[in-house]
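Participant: Could you look at this predicted model? Sequence included:
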Amino acid sequence: MIIHNRNLEADPSYRERLHQYEHDVNARMAAGFKVAKKKGPMKIQVVVHVVYKNPDEKLSAAQVKSQIKALNRDYRAANADKSDAPPVWTGLVADAGIEFVLATKDPKGKKTTGITYTKTTRDEFGDDDSVKDPAQGGVKPWNSAKYLNLWSCNLGGGLLGYAQFPGGPATTDGVVILYTAFGTTGVAAVPFNLGRTATHEVGHWLNLRHIWGDTPDCSGGDGVSDTPNAATPNFNKPNFPHITCNNGPSGDMFMNYMDYVDDDTMIMFTPQQVVRMHSALAGPRASVVI
Ligand SMILES: [Zn+2]
């Protein structure tokens, strides 16, 4: 939200684009637009930029690939732990029909593993996009109209990751993830070792909002009606039900990927969240679908 607010301040046309995207989403919701099932899943090519100073920050290819696998598990609702959904919401566990593949060609058409390695002198990065800037010890994105750019690096301040919504500057577009919250193997560390920081952040990249609506007083929403209104983020492993904002008896859908709980507690997207993501993939993100 810090990034989002900064972009809102810096670029009035960003505000207009977001307004248009909400209009598009609402039109799709009204038309009963559901998960696109016709030609199989939509595929997005991914490049992972590993920015490292210390050896443990230099993620192995196996750890990078484990993140791609985790994204595909969650965006196809192929996660075994979806059975943890409370009975009242099992019918809302949605297959987003989106798959991710490491790029096999770089922007110049040359063969690639889809992973870049950049040595930096910086101990850590913040939420200021410096990891995307070579002049500040980072590495710039590949063409963000064609690739989903993921950066792995050491982040300070307890930050697990951050993302840019559709419609922001191309030079900073993508998702940044703390290296110990990246993937499911190697140096990925409990309780963020199931690859779900990326599941959450890529959700933002596809225009999903937090389920509590980013306000502390029940006034904000997430633009979808099948996630109950919630007051504030949930952390760790809450007990069900956690009732806020008069949302009883079932309470907050804290097991949604767009809350802040531990990796082993977030397990689902809902059908209307999928509509929002598909609206992004039919609109501002259409060019990344391969
Ligand atoms: Zn978030």
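Facilitator: Received it, and whenever you're ready, just let me know what you need.
Participant: And for the protein, the residue most distant from the center?
Facilitator: Pro249 (28.8 Å; Cα atoms, centre = their mean).
Participant: helix, strand or coil for that residue?
Facilitator: Pro249 falls in the coil class when you classify it by DSSP: H, G, I helix; E, B strand; the rest coil.
Participant: Please apply the same query to Thr116.
Facilitator: strand.
Participant: Enumerate every residue touching it.
Facilitator: With contacts taken as Cβ atoms under 8 Å, 6 or more residues apart in numbering, Thr116 has the following neighbours: Val47, Val48, His49, Val50, Val139. C-betas here are computed from N, CA, C, even on glycine.
Participant: Now render those residues as JSON lines, adding distance to Lys119.
Facilitator: Putting those into JSON lines (distance: Cβ to Cβ, whole Å) gives the following:
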{"residue": "Val47", "distance to Lys119": "17"}
{"residue": "Val48", "distance to Lys119": "16"}
{"residue": "His49", "distance to Lys119": "12"}
{"residue": "Val50", "distance to Lys119": "10"}
{"residue": "Val139", "distance to Lys119": "10"}
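Participant: which of those has the most neighbours?
Facilitator: Ranked by neighbour count (other Cβ atoms under 10 Å), the contacts of Thr116 have Val48 at the top, with 28 neighbours.
Participant: packing partners for the helix or strand harbouring it?
Facilitator: Assigned by DSSP states H and E, Val48 belongs to strand 42-52. Here strand 42-52 touches helix 61-75, strand 98-102, strand 115-119, strand 148-153, going by 3 or more Cβ pairs under 8 Å, 6 or more residues apart in numbering; DSSP states H and E.
Participant: so which of these comes closest to Ser279?
Facilitator: strand 98-102 (12.6 Å; Cβ to Cβ).
Participant: Check which residues of the lengthiest helix in the chain are buried.
Facilitator: The longest helix of the chain (DSSP state H) is helix 12-30. In terms of neighbour count (16 or more other Cβ atoms under 10 Å), helix 12-30 has its buried residues at Tyr14, Arg17, Leu18, Tyr21, Asp24, Val25, Arg28, Met29.
Participant: Which residues does it contact?
Facilitator: By Cβ under 8 Å, 6+ apart, helix 12-30 touches 7-8, 165-168, 207, 223, 272, 275-276, 278-280, 282-284.
Participant: For it, C-alpha coordinates in CSV please.
Facilitator: Listed next in CSV are the C-alpha coordinates belonging to helix 12-30 (Å, rounded to 0.1, in the frame of the first residue of the first chain):
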residue,chain,number,x,y,z
PRO,A,12,-2.5,11.3,-11.6
SER,A,13,-3.0,9.1,-14.7
TYR,A,14,-2.4,6.0,-12.5
ARG,A,15,-5.4,7.0,-10.5
GLU,A,16,-7.5,7.2,-13.7
ARG,A,17,-6.3,3.8,-14.9
LEU,A,18,-7.2,2.2,-11.6
HIS,A,19,-10.6,3.8,-11.8
GLN,A,20,-11.1,2.3,-15.3
TYR,A,21,-10.0,-1.2,-14.0
GLU,A,22,-12.6,-1.1,-11.3
HIS,A,23,-15.2,-0.2,-13.9
ASP,A,24,-14.0,-3.2,-16.0
VAL,A,25,-14.2,-5.5,-13.0
ASN,A,26,-17.7,-4.3,-12.0
ALA,A,27,-18.9,-4.8,-15.6
ARG,A,28,-17.5,-8.4,-15.5
MET,A,29,-19.1,-9.1,-12.2
ALA,A,30,-22.4,-7.8,-13.4
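Participant: just the strands in the stretch 101-250 of the chain please.
Facilitator: Ranges of strands within the stretch 101-250 of the chain are 115-119, 148-153, 161-163, 175-178, 235-236, based on DSSP state E, counting those that start in this stretch.
Participant: helices or strands next to the longest one in the packing?
Facilitator: Applying 3+ Cβ pairs under 8 Å, 6+ apart, we find strand 148-153 packed against strand 42-52, strand 175-178, helix 196-205.
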